[in-house]
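Trainee: just to be clear, the model below is a prediction. Sequence and coordinates:
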Amino acid sequence: MEELENKIRILERALQREKQARKEAERLLEDRALELYQTNIELQELNRSLEQKVSRRAKEIQQQRNFYESILNQVPAEIVVADRNQKYLFISENAIKDPELREWLIGKNDFDYCEYRNISMDLARQRFSKYQEVRNTLKVSEWTEKFSKNGKDIYLLRRLVPLFNDQDEIEMFIGYSLDITNSEEYRLELIEARDIAQKATSAKSEFLSKISHEIRTPLNAIIGLTNILMNEDHNRSQGHYLQSMKYSADSLLGIINEVLDFSKIEAGKITFESIPFNFRHLVNGIQQTFEFRANEIGLDFKVYLDEAIPRIVEGDRVKLNQILLNLVGNAMKFTTAGYIHVHSKLLQKSEGQLRVGFSVEDSGIGIAAHKIDKVFESFSQEGDDTTRRFGGTGLGLTITKKFIEGQGGKIWVESEPGKGSKFQFELDFNYDPNHKENAPIDKAWSRDLSMVEGKRILVAEDNLMNQLVLQKMLEKWSPKLEMVNNGQLALEKLEKAEYDLVFLDVQMPIKDGISTIKDWRNYEAHHLKNRLPVVALTADAFSESKQKVIEAGMDDFLSKPIEISELRRVLHQYLS
Ligand code: ADP
């Protein structure tokens with residue numbers, strides 16, 4: 001019994017403990033449930049705030065997108081954005097007006113568009129090729145599209161621009177197009193205006209070329225005959241008249257040449273030669289040309305030559321002569337007392353190359369400071385009365401500058417009104433370092449021409465005055481001379497008899513010099529004849545370049561008025 005009571009007590013105690021433990025567990029559970037409940041509430045709150053944040057952000061993004069889209073829609077251009085598969089991400093209102101279509105197109109491509117609009121797939125194919133081009137080149141593609149709208153031509157400038165991701169792969173494409181109809185019309189108008197201007201310039205050049213020929217031909221006769229008369233018996237006063245006549249004719253020829261040179265420069269037809277010439281001879285020639293006039297005025301005129309400059313240099317002799325004639329001629333024109341000094345100085349000399357500095361200094365009227373920058377501009381003269389007082393065309397210095405700069409040189413001027421002017425220029429020349437400085441100079445005018453006697457020379461020249469001039473010039477060496485008026489007659493003569501030398505005028509009626517020489521060279525080849533030397537004669541320095549006549553088959557070239565030294569050179573070269 002006691003044992004039973006004990007057991008009951010133990011059990012009661014165990015039950016008691018059990019109850020306590022359960023209570024404890026229940027309390028713990030309650031605590032956990034409370035905690036869970038709180039956590040849940042916190043989570044819900046967090047979720048709510050996150051949802052709020054996300055929707056705020058989405059709203060912001062939408063607002064930003066609307067903002068940029070409204071800007072893009074305002075731009076007067078058609079703008080589209082496509083993904084890497086050419087599917088539209090954005091289309092501006094200017095590109096597609098219909099909002100429904102615009103929305104429908106997002107996520108679609110140009111083929112879908114053509115299908116939707118039921119139009120030819122050509123458009124989609126063309127765009128596809130442009131996308132392909134950008135993919136291949138990884139560069140912006142640009143092209144102009146022309147189409148008709150309400151009977152009016154519209155020009156669109158289209159550009160397709162790739163956008164790259166961090167791996168430098170194309171992520172998107174931006175395409176836009178601008179209506180350039182106005183600027184395109186303006187461009188076309190400009191092209192038309194340019195074409196008209198070019199036509200006018202070439203018409204002007206052609207006109208000048210013709211006119212110059214017309215003026216130079218009789219002028220050559222005047223100069224040639226004056227030269228002949230000067231070499232024949234005349235009394236002192238006749239000699240004086242002949243001098244004045246020659247001076248006037250030379251000045252007129254100078255003006256015509258200046259206008260011609262200027263047209264050549266304007267037409268971009270100026271070329272420079274590089275042939276060996278005697279530098280000292282050229283500089284001495286300048287001295288001789290102006291000595292007489294300088295003495296008459298009573299000027300101290302000196303030409304200084306730097307002995308270090310090689311005697312034979314390579315360059316454009318004719319242009320250098322013209323540059324110096326022009327600068328010294330100007331100095332003579334604008335100096336009434338004092339001096340004119342011309343200097344040439346070796347500035348640099350390296351293997352085969354020279355740079356020479358020139359200066360022409362005078363004590364003349366000088367140039368006002370505000371005019372000094374303008375003297376190299378065409379038709380510029382210091383004052384309006386300059387032409388009246390001194391003559392001239394206002395082209396000389398423009399031509400001079402072009403001649404110098406065209407050969408890689410430079411020209412500049414310093415001047416003070418009342419004190420004088422100093423024009424300076426630098427030019428490059430080539431030279432042969434192995435040339436012996438003391439080798440005898442081949443002076444064309446000193447050559448013996450006795451072998452000309454009895455030689456058969458044919459002259460084809462339409463102008464009777466020029467025939468007379470050439471006849472008079474050749475007469476003293478007693479050749480057997482024959483004259484014809486055109487190329488046709490020349491060919492007839494050439495086919496019948498043997499000649500030693502032919503002078504062929506380039507511009508002749510019936511058959512001109514160029515076509516005559518071509519026919520003659522053909523004839524020679526077919527009949528296995530030796531090549532006959534043929535020298536071109538031309539008064540038109542403009543269109544008949546030396547190269548053109550040489551290419552046609554001539555051997556040499558004499559420009560009118562024929563210089564006696566040049567004639568001697570030709571006779572010596574082809575009849576010796
Ligand atoms: P022009 O045919 O009138 O001489 P240029 O082009 O040779 O034309 O010269 C332009 C102008 O520059 C001249 O009209 C003159 O006003 C001025 N000029 C040129 N050289 C001199 C000089 N040595 N002394 C004073 N003025 C000069």
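Mentor: Here it is on my side, so go on.
Trainee: is Val502 in a helix, a strand, or coil?
Mentor: strand (DSSP: H, G, I helix; E, B strand; the rest coil).
Trainee: name the residues that touch stretch 327-339?
Mentor: 286, 289-290, 293-294, 297-302, 340, 342, 360-365, 390-392, 396-397, 400, 420-421, 423, 425 (CB atoms under 8 Å, 6 or more residues apart in numbering). Where C-beta positions appear, they are placed from N, C-alpha and C, glycine not excepted.
Trainee: buried subset of the residues you listed?
Mentor: Buried members of these, scored by 16 or more other CB atoms under 10 Å, are 286, 289-290, 294, 299, 301, 340, 342, 360-365, 392, 396-397, 400, 420-421, 423, 425.
Trainee: show me which of those residues neighbour the ligand.
Mentor: Applying CB under 6 Å from any ligand atom to the buried ones among the contacts of stretch 327-339, one finds that 362, 364-365, 392, 396-397, 421 fall near the ligand.
Trainee: so which of these belong to strands?
Mentor: Among those, the members falling in strands (DSSP state E) are 362, 421.
Trainee: could you dump the ones next to the ligand among the buried ones among the contacts of stretch 327-339 into CSV with pLDDT added?
Mentor: Below are these laid out as CSV (pLDDT from 0 to 100):
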residue, pLDDT
Asp362, 96
Gly364, 94
Ile365, 94
Gly392, 61
Gly396, 84
Leu397, 90
Ser421, 96
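Trainee: just the ones of the ones next to the ligand among the buried ones among the contacts of stretch 327-339 in helices?
Mentor: Counted as lying in helices by DSSP state H, out of these, are 396-397.
Trainee: ok, so of the ones next to the ligand among the buried ones among the contacts of stretch 327-339, who is nearest Ile10?
Mentor: Of all these, Ile10 sits closest to Leu397, with 138.6 Å by CB to CB.
Trainee: my guess is the closest one meets Phe376, correct?
Mentor: Yes: using CB atoms under 8 Å as the test, Leu397 is close enough to Phe376 to be in contact (5.1 Å).
Trainee: residues near the residue of the stretch 151-300 of the chain found nearest the ligand, how many?
Mentor: In the stretch 151-300 of the chain, the residue that lies nearest the ligand is Glu258 (7.3 Å; CB to the nearest ligand atom). Using other CB atoms under 10 Å, Glu258 is surrounded by 19 other residues.
Trainee: not counting sequence-adjacent ones, nearest residue to it?
Mentor: Take Glu258 and drop its neighbours on the chain: the residue closest to it by CB to CB, 6 or more residues apart in numbering is Leu395, 5.0 Å away.
Trainee: got phi/psi on Ala197?
Mentor: phi -60, psi -40 (degrees, to the nearest 10).
Trainee: now swap in the one 5 residues further on and tell me
Mentor: For Ser202, the backbone dihedrals are phi -70, psi -30 (criterion: degrees, to the nearest 10).
Trainee: ditto for Phe429
Mentor: Here is the backbone geometry of Phe429 (degrees, to the nearest 10): phi -130, psi 160.
Trainee: is it true that it touches Glu314?
Mentor: Yes: the pair formed by Phe429 and Glu314 meets the contact definition of CB under 8 Å, at 6.0 Å.
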